[in-house]
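> Structure, please.
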Amino acid sequence: MPVNLSTNAISAINGGDVNSKPLVQVLDIKLIGSTQERYRLLLSDSTATQHAMLATQLNDRVKSGQVRKRSVVQLIDYISSTVQNRKIIVVLNMETIIPDCDVIGNPKIFSDSDSAPQKQGPDTTNGRPPLVNNNNNIGASNSARTSFSHGKTSSLQNQGSSIQSFRPTVQPPYQPPPNYKHHGAIMRNEAPARIIPIAALNPYQGRWAIKARVTAKGDLRRYNNARGDGKVFSFDLLDSDGGEIRVTCFNAVVDRFHDTIEVGKVYVISKGSLKPAQKNFNHLKNEWEIFLEATSSVDLCLDEDASIPRQQFSFRPISEIENAESNSILDIIGVVVAVNPSVPILRKNGMETQRRILNLKDQSGRSVELTLWGEFCNREGQQLQEIAETRIYPVLAVKAGKVNDFSGKTISTISATQLFINPEFPEALSLRDWFDRGGKDTASHSISRDIVPGGSKNEIRKNLAQIKDEGLGRSDKPDWITVKATISFIKTDTFCYTACPLMIGDRQCNKKVTKSGNSRWQCDRCNQEIEECDYRYLLQVQVQDHTGLTWVTAFQETGEEILGCSAKEMYMLKYEAQDDPRFVETIRNCLFTEFLLRLKIKEEIYGDEQKVKITVVKAEKVNYSEESRFLFDMISKFHQ
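Down below sits the predicted model:
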């Protein structure tokens with residue numbers, strides 16, 4: 001279809017005109033960027049061409065074929081920017097007028113020396129450029145037109161003669177009224193920037209403003225590097241379109257904004273710089289991060305904007321965490337069924353912190369360990385412990401938890417994590433209803449503590465004789481079974497060891513430490529001396545059932561589950577209290593007690609000898625009500 005593009009549109013845009021909404025043709029599309037998909041376009045006004053960058057929120061237009069080579073489009077929101085001494089058009093919004101047509105005119109590459117005409121262009125009606133026919137009969141009716149309302153295109157109605165005019169009507173983007181603070185003379189470019197969605201932000205824009213709610217605020221951190229001492233803090237924003245972005249402040253900018261920013265409040269923010277987000281520390285789904293500067297503006301909105309949600313979640317069932325990548329960040333929600341005491345942990349840098357472990361379960365039939373670090377232990381952790389002591393099981397929503405695959409899949413808190421106890425979310429109410437209606441008594445399988453992802457073998461019940469008879473553990477991968485067995489003997493000479501409490505990343509070292517001459521503890525792995533060590537179980541336990549007996553090893557968590565107290569307590573009773581009788585009593589109370597033991601069985605090489613090692617990864621005293629239900633189910637399946 002013969003079309004007239006907007007005359008000298010390329011020159012006008014490079015001259016600063018960003019309001020004429022011209023018609024241009026896409027001559028070429030190229031995918032660029034290795035980490036983030038971006039499309040570069042070559043635009044033509046029939047006489048000149050110019051490279052343009054497509055905003056990432058418009059990528060789907062290219063992928064779906066709405067925009068392709070030789071498409072005629074109308075630019076709605078766009079700016080001209082200089083990148084590496086070259087002019088480039090950044091397209092923030094556009095509409096496809098004609099999906100495909102022949103190349104129009106004989107365009108040449110635009111040069112900066114080309115003059116930029118003052119508001120030149122084709123004849124318009126109400127400021128809209130027409131598409132006119134070039135006396136070529138295309139078999140369409142004179143009355144046939146295409147109208148555009150709210151950015152949507154109706155179909156062309158071809159009826160047999162040429163098109164005389166083509167006037168797309170586009171609803172102008174929202175622009176708030178000016179807000180002049182001092183009521184003085186306003187120079188050009190001093191008027192407030194137009195508010196745009198977070199998704200439209202990109203580093204090629206000159207002036208922008210966003211309106212968003214603060215959903216999280218990080219702690220003020222101090223650092224020391226080659227440039228000297230400094231301080232930094234960041235906060236996360238969410239706007240009415242669901243766009244999220246992180247804002248970071250350094251040094252003097254911290255002093256300006258740290259006390260101003262409050263979680264839950266809405267702000268208008270402008271005059272910051274955009275840089276690529278560091279995905280190692282930033283979990284938000286945005287390729288950019290805002291860095292505030294001395295000239296940046298952060299204004300509190302006094303009126304509550306109900307269109308901006310207070311928080312945005314994307315909950316994952318616990319069962320899906322089994323296959324989640326390590327170090328990934330996700331949201332989960334579950335019922336807290338166990339809360340362990342908070343314990344002090346010495347980090348590798350010598351600083352002490354707190355750690356508390358919770359257990360969550362949901363409708364997916366799985367449970368997972370959640371590790372709280374630092375202030376989470378004393379704040380939400382203490383509150384959860386007090387609720388759990390009343391035998392009420394709270395619902396906990398976790399925003400931005402980190403997946404770990406050490407000792408099975410677990411979740412841990414990071415600085416950006418937020419915890420919500422008994423929230424009024426629909427997901428929380430549904431979970432509470434399920435739990436109260438019988439979910440409390442529903443068996444769930446833990447994905448933590450060396451549980452194999454997918455864990456079908458974890459659910460296989462066997463007896464001890466089958467371990468040898470079936471050659472379990474002798475294949476390339478370990479076997480996972482559950483046995484019901486009685487503890488008949490526990491070795492007490494080496495039931496625990498002194499361990500290093502320092503942190504290596506997000507994991508505790510746990511290597512054995514020895515006492516040095518100055519009464520401190522030496523860790524060869526960390527090459528560091530520490531004041532106090534940790535005590536970790538290394539139990540050698542003999543178990544038996546009606547088919548036979550075998551030896552198993554129980555480490556820290558499972559040792560606590562079997563003995564009911566910490567390794568440090570047992571160590572003090574045996575060695576510091578001069579063979580306190582409570583030590584023997586604790587051991588004796590465990591003997592001839594029936595447990596459901598989840599076992600990991602794997603053949604390992606000790607010296608020149610291959611030996612099957614059996615490790616306890618979960619130990620639960622037999623609940624005879626649940627066990628009876630399990631046996632009845634087995635009988636029912638047997639008779640089917």
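
> Return the set of residues that bridge with the residue lying closest to G272 once chain neighbours are set aside.
Using C-beta to C-beta, 6 or more residues apart in numbering and skipping the chain neighbours, the partner closest in space to G272 is I290 (4.5 Å). (C-beta placed from N, C-alpha, C; glycine too.) Here I290 sits in beta bridges with V247, L274, going by DSSP bridges.

> Distance check, I290 against F235.
10 Å (C-beta to C-beta, to the nearest Å).

> which outside residues touch stretch 214-221?
Contacts to stretch 214-221, defined as C-beta atoms under 8 Å, 6 or more residues apart in numbering, come from residues 231-238, 244, 254, 258, 261-267, 310-312, 399-400, 415-416, 418.

> In helices only, show me those residues.
Residues of the contacts of stretch 214-221 located in helices (DSSP state H): V254.

> Make a ChimeraX selection of the buried ones in the contacts of stretch 214-221.
Restricted to buried positions by 16 or more other C-beta atoms under 10 Å, the ChimeraX selection for the contacts of stretch 214-221 reads:
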select :231,232,233,234,235,236,237,238,244,254,261,266,267,311,399,400,416,418
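
> thinking again about what came up before, quick one: common contacting residues for I290 and F235?
Common neighbours of I290 and F235 are listed as R246, V247 (criterion: C-beta under 8 Å, 6+ apart).

> Would you map out the domains in this protein?
With domains defined by automatic domain parsing, the chain comprises 9-153, 198-300, 318-446, 456-495+538-634.

> These: which one's closest to S516?
domain 318-446 (16.2 Å; C-beta to C-beta).

> how long is that closest one from one end to the other?
One end of domain 318-446 to the other measures 9 Å (C-alpha to C-alpha, to the nearest Å).

> where's it relative to the chain centroid, distance-wise?
Distance of domain 318-446 from its chain centroid, counting by C-alpha atoms, centre = their mean, to the nearest Å, is 16 Å.

> Repeat that for stretch 45-58.
Here stretch 45-58 is found 33 Å from its chain centre; the criterion is C-alpha atoms, centre = their mean.

> now swap in stretch 270-289 and tell me
On C-alpha atoms, centre = their mean, the centre of stretch 270-289 falls 13 Å from that of its chain.

> In that stretch, which residues are buried?
S270, G272, L274, A277, N282, H283, L284, N286, E287, W288, E289.

> can you pull the contacts of the third one?
For L274, the contacting residues are L201, N202, P203, Q205, W288, E289, I290, F291, by C-beta under 8 Å, 6+ apart.

> Wait, the third one touches E289, no?
Spelled out, that is P203. No: contact criterion C-beta atoms under 8 Å: P203 and E289 do not qualify, at 10.5 Å.

> joint contacts of the two?
The contact sets of P203 and E289 overlap at L274, K275 (C-beta under 8 Å, 6+ apart).

> how about the helices of the stretch 351-500 of the chain, start to end?
With helices called from DSSP state H, counting those that start in this stretch, the stretch 351-500 of the chain shows them at 375-378, 380-389, 426-436, 464-469.

> if we can go back for a sec, with respect to V395, which of the contacts of L274 is nearest?
Closest approach to V395 among the contacts of L274 (C-beta to C-beta): E289, at 32.3 Å.

> And the pLDDT for that closest one?
pLDDT, E289: 92.

> Poorly predicted segments of the stretch 151-300 of the chain, please.
151-193, 206 (pLDDT under 70).

> and with 90 instead?
Along the stretch 151-300 of the chain, segments meeting pLDDT under 90 span 151-208, 215-230, 240-243, 263-264, 271-288, 294-295.

> So what are the sheet partners of the helix or strand where R222 lies and their directions?
For R222, the host element (DSSP states H and E) is strand 221-225. Using DSSP bridges, the strands paired with strand 221-225 are strand 228-238 (antiparallel).

> I would like the residues contacting the strand it pairs with, please.
Residues contacting strand 228-238 (C-beta under 8 Å, 6+ apart): 198, 210, 212-224, 244-251, 254, 258, 261, 263, 267, 269, 284, 308-309, 311-312, 416.

> Would you mind listing which of the residues you listed are buried?
If we count by 16+ other C-beta under 10 Å, the contacts of strand 228-238 have these buried: 198, 210, 212-218, 244-249, 254, 261, 267, 269, 284, 308, 311, 416.

> What ranges does the stretch 1-150 of the chain have for its strands?
23-32, 38-44, 48-54, 72-83, 86-98, 108-109, 148-149 (DSSP state E, counting those that start in this stretch).

> What is the longest one packed up against?
Right, the one you point to is strand 86-98. Under the contact criterion of 3 or more C-beta pairs under 8 Å, 6 or more residues apart in numbering; DSSP states H and E, strand 86-98 touches helix 9-14, strand 48-54, strand 72-83, strand 152-153.

> That one versus strand 72-83: what angle between them?
170 degrees (axes from the mean of the first three to the mean of the last three C-alpha atoms, to 10 degrees).

> in strand 86-98, what's buried?
K87, I88, I89, V90, V91, L92, N93, M94, E95, T96, I97, I98.

> now do the second one
Buried residues in strand 38-44, counted by 16+ other C-beta under 10 Å: R38, Y39, L41, L42, L43, S44.

> What's opposite the first one in the beta bridge?
It refers to R38. Beta-bridge partners, per DSSP bridges, of R38: I32.

> ok, now how distant is it from G218?
29 Å.

> And the buried residues of stretch 270-289, which is closest to S446?
H283 (24.9 Å).

> Just give the nearest non-adjacent residue to R355, would you?
I345 (4.8 Å).

> Tell me which other helices or strands whatever helix or strand the one you found lives in touches.
Taking DSSP H and E as the definition, I345 sits inside strand 343-346. Here strand 343-346 touches strand 352-361, going by 3+ C-beta pairs under 8 Å, 6+ apart.
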